[in-house]
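[1] Starting from these lines, generate the structure:
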Amino acid sequence: MKRLVIYMLAMLVFMGTVHAQSLAFPSAEGSGKYTSGGRGGRVITVTNLNDSGEGSLRHAIEQKGSRIVVFAVDGTIALQSKLVILNDSITIAGQSAPGDGICLKGYPLYISANNVVIRYIRTRMGNLHAIEDDAMGAMRVRDLMIDHCSVSWSVDECLSVYRSENVTVQWCMVTHSLSKSAHSKGAHGFGGIWGGSRATFHHNLMAHHSSRNPRFASDGYTPVDFRNNVVYNWGYKSAYGGGRQGKINFVANYYKPGPATSTDKRAWFLDPAEDGTGAYYMADNIMEGSPEVTADNWRGVGNNNNRVRATDPFPFEPIQQDSPEVAYKKVLQYAGASHRRDAYDTRVIEEVRTGTVSGGETYGGGNQGIIDSQDAVGGWPELKRGAYPADNDRDGMPDSWEIAHGLNPRNAADGPLFQIDANYTNVEVYLNSLVEDDRKHYSILKDSSESGIIAKYPTEKISDFSKKLKPLGRIMETEGYYVWCCAPIFGDDGKVHLFYSRWPEKYGMGGWIHKSEIAHAVADKPEGPYTYLETVLTPRLGYFDATTCHNPHIQKIGDTYYLFYMGNSDGTVYTKRIGLAQSKSLYGPWERSDKPLLDAGEAGAWDDCNTTNPAFVLHPDGKAWLYYKSWNKKEYQDQQGTIRANRKYGLAIADQVDGPYKRSGSNPVIDLSIHGDNKQVEDAYVYIEDGKYKMLMRDMGYFDHVVGLIFTSEDGIHWSEPKIAWFGADAYLTEPPAPRHLKRYGRFERPQLLMKDGKPAYLFNAIQGGKYETASGFVFQIVTDN
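    Coordinates of the predicted model:
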């Protein structure tokens, strides 16, 4: 409590000196957050990847006056000399590039002007020209905001910003300085020198540097706020510096030693100020692998550290501070030019996550992750190019966007106007909208065992299955689509093949019943990333699946793949029927049955409304068992409200997988309505394990409408009372509050298993929300003792 009070007082002292102003962009934080950049100035469009001349980035930077630079191209710009910003008041909006974005190659980007905003740019200098330089740097400037940039492959420091005022560096990746490259001092590739008067460095990643992780500028231009950063795989020195009266807050950072980290520095945050005159406020930092240093941060500071200890934080501009554990996860998810991460950044993030490295020629004998040349990690990755949207008046806003927001797409003068938002010009509103989801829709995994959520359920009702689940995160977050029911299977190629429902975002969540199709994606790992291959099933006019193909379920029986799904012919629940497609290969072609596998029951029967949401299991006697959801039509029509009828599960049996199927008895095999109305279930997945039948389902009122259920059976017909198979989403991840248009937020539905050697290895679910505020898949690993 005392620390919190001190924290708040420090913020209030600092805030009292700041006038009410507009942020650089909505997620700008720290001491540089009020940097206006080119606001109100003209828009200059970069139209080529040339080093110089009309339409180049250099030409745009060299102009005078307030200006906002946007990109109609994407790719790598091979610089022929240093790119220096000399003229004040500029915004470089890298997020405007239509494809994979912009990368600068060969020479550094240097900032020698005031009032500069740089977002979503990659600067990967390399050693092609053997120059001793930083990849990006700024010194003796004021009002600077560097956001979501990826900086790598420097001969000197990767990113150095110091002796400047009102500075923020946030959400950047600073990685792989070149150790033994072209520097006159020999091995010299370091992370960066960070400092300034009112300077904030937060939520950045520094990885694979032998030293200066970071070095705090010893020039008396502090205080500096260093908070919520992640540092991985330093070599012989992590952070140091801060002398000459430096005042540094070193708070809630996450340090993770790696293969290159010296044995005597694996639990070392920093070496204090060189001349002993500076001071550090150290609090709440984590040193992975050292609970002692995590508990007492000063045990990870160099000798004679008493002389640099500060008991209270120095005044600073507040940020939305996370715990170091959450900051670690957020940084891995969002840092760098993450709007569309390139292959290099993606690999580095995975290395940090897994504690591994790639490359390294000479440092520590090699293969330590600290490199001498960019070639050791594959060099400059290819950036895919996209189509720039039509912008007839060249004001930086697409014509379609202007029309949707009531602007004139033929009026080039409306970009700098404040017509949509009182704080941002029209063109800024557009540019901000391109990346507004990047932090708004964070998804942070947590350990459910640490959550009090499970405590409200009776212990005896919690299954052993639920205790084996390790959340791996969302998959198949797809721009422009809702994604549902991810049915996985291992292919003969060793890859994970995913068959899933999707429908255009414009139809909303309810689009599943009249606009869904089934697509095929593939990945090297269950948690992805997945690559879309093709759409395999689309609605067919005149058939039972005329309006939708939904909720797939994939099985391999013998040498044939069977893809079960739900079709619908008129966009209502009454025509839902189970269909089947089959193929000898996961890559198709798929032969689809023209008639459903099972029609609705006779009038008045419990299942006279429909047949839907199939689950299939091959019985030990070789027969095909098909479980299906249904309910009574009159019950459904007579009841009111959003939850109607009593959904139950029946069983039909056939000699062959493709039928014909005959109902097993006249009653359902799962009927929770015996416990009362609206005690319902749906979304069955049935499998046999160790001679027992097991069924996963979504609860619809037995416990609540959030958890999953698991039933067991000796014969597949008579089932146990259910236990909880999984909990609500908030037991496993932290995400923003539900958007208003998503009504089924926070629960997992449509379970499917990825089997390995006849055992369940991964659980796939569907869940609303995600980066695009639609729906996606979600994967759990099923962890066993074996």
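[2] which ones are touching residue 502?
    478, 481, 482, 483, 484, 516, 517, 518, 519 (C-beta atoms under 8 Å, 6 or more residues apart in numbering). Every residue, glycine included, has its C-beta placed from N, CA and C.
[3] which stretches of the protein have low pLDDT?
    Across the chain, residues meeting the criterion (pLDDT under 70) sit at 1-20, 218-222, 274, 304, 437-442, 447-452, 640-643, 786.
[4] now the helices for it?
    For the chain, applying DSSP state H gives helices covering 2-15, 57-62, 291-295, 324-334, 343-354, 399-404, 426-433, 437-440, 512-515, 633-638.
[5] any chance of those in TSV, plus mean neighbour count and distance to residue 747?
    Output for these, formatted as TSV (neighbours: other C-beta atoms under 10 Å; distance: least, C-beta to C-beta, whole Å):
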stretch	mean neighbour count	distance to residue 747
helix 2-15	13	34
helix 57-62	19	47
helix 291-295	14	35
helix 324-334	21	22
helix 343-354	18	27
helix 399-404	15	32
helix 426-433	23	29
helix 437-440	16	21
helix 512-515	19	16
helix 633-638	14	22
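[6] For my notes, please list those helices in CSV and give distance to residue 781 for each entry.
    As requested, the helices of the chain are arranged in CSV below (distance: least, C-beta to C-beta, whole Å):
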stretch, distance to residue 781
helix 2-15, 36
helix 57-62, 44
helix 291-295, 25
helix 324-334, 17
helix 343-354, 14
helix 399-404, 41
helix 426-433, 36
helix 437-440, 27
helix 512-515, 27
helix 633-638, 38
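[7] mind listing which of the contacts of residue 502 are in strands?
    481, 482, 483, 484, 517, 518, 519 (DSSP state E).
[8] Could you tell me how many residues sit around the closest residue to the fifth one other than its chain neighbours?
    The one in question is residue 517. What sits nearest to residue 517 in space, not counting adjacent residues and going by C-beta to C-beta, 6 or more residues apart in numbering, is residue 538, at 4.7 Å. By the measure other C-beta atoms under 10 Å, the count of residues near residue 538 is 12.
[9] Over to residue 145?
    Each residue near residue 145 was counted by other C-beta under 10 Å, and the total is 29.
[10] sorry, back to before: so which of the contacts of residue 502 wins on neighbours?
    Using other C-beta under 10 Å as the neighbour criterion, residue 516 leads the contacts of residue 502 with 31 neighbours.
[11] mind listing what it touches?
    By C-beta under 8 Å, 6+ apart, the residues touching residue 516 are 484, 501, 502, 503, 548, 549, 550.
[12] can we see that at 10 Å?
    Counting by C-beta atoms under 10 Å, 6 or more residues apart in numbering, residue 516 makes contact with 482, 484-485, 500-504, 507, 537-539, 545, 547-552, 565-568.
[13] Filter those residues down to just the buried residues.
    482, 484-485, 500-503, 537, 539, 545, 547-552, 565-568 (16 or more other C-beta atoms under 10 Å).
[14] Among those residues, name the ones in strands.
    482, 484-485, 500-503, 537, 548-552, 565-568.
[15] any idea how far the residue minimising distance to the centre of the chain is from residue 127?
    The centroid of the chain falls nearest to residue 333 when counting by C-alpha atoms, centre = their mean (4.8 Å). For residue 333, the distance to residue 127 (C-beta to C-beta, to the nearest Å) stands at 31 Å.
[16] Is it possible to get TSV of the contacts of residue 502 that adds distance to residue 353?
    Supplementary listing: the contacts of residue 502 in TSV, determined by distance: C-beta to C-beta, whole Å:
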residue	distance to residue 353
478	23
481	27
482	28
483	23
484	27
516	33
517	33
518	31
519	28
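[17] Looking at those, spot the one nearest residue 590.
    Proximity of the contacts of residue 502 to residue 590 (C-beta to C-beta) peaks at residue 518, which lies at 9.4 Å.
[18] which non-adjacent residue is nearest the closest one?
    That would be residue 537: by C-beta to C-beta, 6+ apart, it lies 4.0 Å from residue 518.
[19] In contact with the one you found, which residues?
    Contacts of residue 537 by C-beta under 10 Å, 6+ apart are 499, 501, 516-520, 545, 548-550, 552, 563, 565, 567, 579, 581, 590, 592.
[20] Ok, residue 380 next?
    Residue 380 neighbours (C-beta under 10 Å, 6+ apart): 76, 78, 103, 105-106, 122, 124, 126, 128, 152-153, 342-344, 374.
[21] again, 6 Å this time
    By C-beta atoms under 6 Å, 6 or more residues apart in numbering, residue 380 lies in contact with 76, 105.
[22] cool, the one 5 residues further on as well?
    Listed by C-beta under 6 Å, 6+ apart, the contact set of residue 385 reads 74, 99.
[23] returning to what we had before: could you check how far the residue nearest to residue 518 is from residue 397?
    In this view, residue 537 and residue 397 are 38 Å apart by C-beta to C-beta.
[24] One more: residue 764?
    Note on residue 764: its distance to residue 397, by C-beta to C-beta, is 40 Å.
[25] for residue 596, same thing?
    In terms of C-beta to C-beta, residue 596 sits 49 Å off from residue 397.
[26] cool, and residue 664?
    Residue 664 is 62 Å from residue 397, by C-beta to C-beta.
[27] These two - which one has more neighbours?
    Shown here are residue 664 and residue 397; by other C-beta under 10 Å, residue 397 has more neighbours (26 against 16).
[28] Do I have it right that residue 236 meets residue 263?
    No. Using C-beta atoms under 6 Å, residue 236 makes no contact with residue 263, being 10.3 Å away.
[29] Tell me which of these two has more neighbours.
    Shown here are residue 236 and residue 263; by other C-beta under 10 Å, residue 236 has more neighbours (15 against 7).
[30] Next, the contact list for that one, please.
    residue 262.
[31] how about 8 Å then?
    For residue 236, the contact set (C-beta under 8 Å, 6+ apart) comprises 210, 211, 262, 265.
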